[in-house]
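Undergrad: Need a 3D model of the sequence below.
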Amino acid sequence: MKESLKHFELKGKDEIILIIVIILVGLGSFGLGRLSVKQQKKEPISIINSADSSDLVASVANSLPVTNGGVVGSKNGKVYHLPWCPGALKIKPENLITFENSEEAEKAGYNKASNCKGL
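TA: Below you'll find the predicted structure:
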């Protein structure tokens, strides 16, 4: 019996080594894959309402030549906006018309901008 075991050991030795190598390579690859995922920490997305955006709006509004309560329009259009509205920011400086208030703009034939909140 001892001889049959020695014969089996010598005969299957190459196959056993190959199986062990395949298992070790598989475990090593799995472990490296897990490590690479752990190192990529993704932070959750958060939206913060900061005062910086209001400062930006105020600085843009102050850069336009409008007095308090004033509205702006374009020479090429017939719509008036508040100075910080998206449409007002797109008006080129050479086409900018300012009005003291919305009544003055309406007397000149201008209508309220539909996308400007606060009018």
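
Undergrad: all helices of this structure, in order?
TA: Using DSSP state H, the helices of the chain run over residues 2-39, 51-63, 86-89, 102-107.

Undergrad: Compare the mean pLDDT across the ones you listed and name the weakest.
TA: Mean pLDDT is lowest for helix 51-63 among the helices of the chain, at a mean of 54.

Undergrad: What count of nearby residues applies to Ile48?
TA: Close neighbours of Ile48, defined as other C-beta atoms under 10 Å, add up to 6. (Glycine included, C-beta is placed from N, CA and C.)

Undergrad: From Leu35, how far out is Ser29?
TA: 11 Å (C-beta to C-beta, to the nearest Å).

Undergrad: Now do the same contact list for Gly31.
TA: Residues counted as contacts of Gly31 (C-beta atoms under 8 Å, 6 or more residues apart in numbering): none.

Undergrad: Relative to Ile22, how far out is it?
TA: From Gly31 over to Ile22 (counting by C-beta to C-beta), the distance is 15 Å.

Undergrad: now swap in Lys90 and tell me
TA: Taken as C-beta to C-beta, the span from Lys90 to Ile22 is 66 Å.

Undergrad: what does Asn101 give?
TA: According to C-beta to C-beta, Asn101 stands 83 Å off from Ile22.

Undergrad: neighbour-wise, which of the two wins?
TA: Asn101 (14 against 10).

Undergrad: Next one, pLDDT for the more buried one please.
TA: The model's pLDDT for Asn101 equals 90.

Undergrad: Could you check how far it is from Ala88?
TA: 15 Å.

Undergrad: Over to Lys13?
TA: Relative to Ala88, and taking C-beta to C-beta, Lys13 is found at 85 Å.

Undergrad: who has more neighbours, the two?
TA: More neighbours surround Ala88 than the other of Lys13 and Ala88, with 23 against 10 (other C-beta under 10 Å).

Undergrad: How about the more buried one: what's its closest non-neighbour residue?
TA: His81 (3.8 Å; C-beta to C-beta, 6 or more residues apart in numbering).
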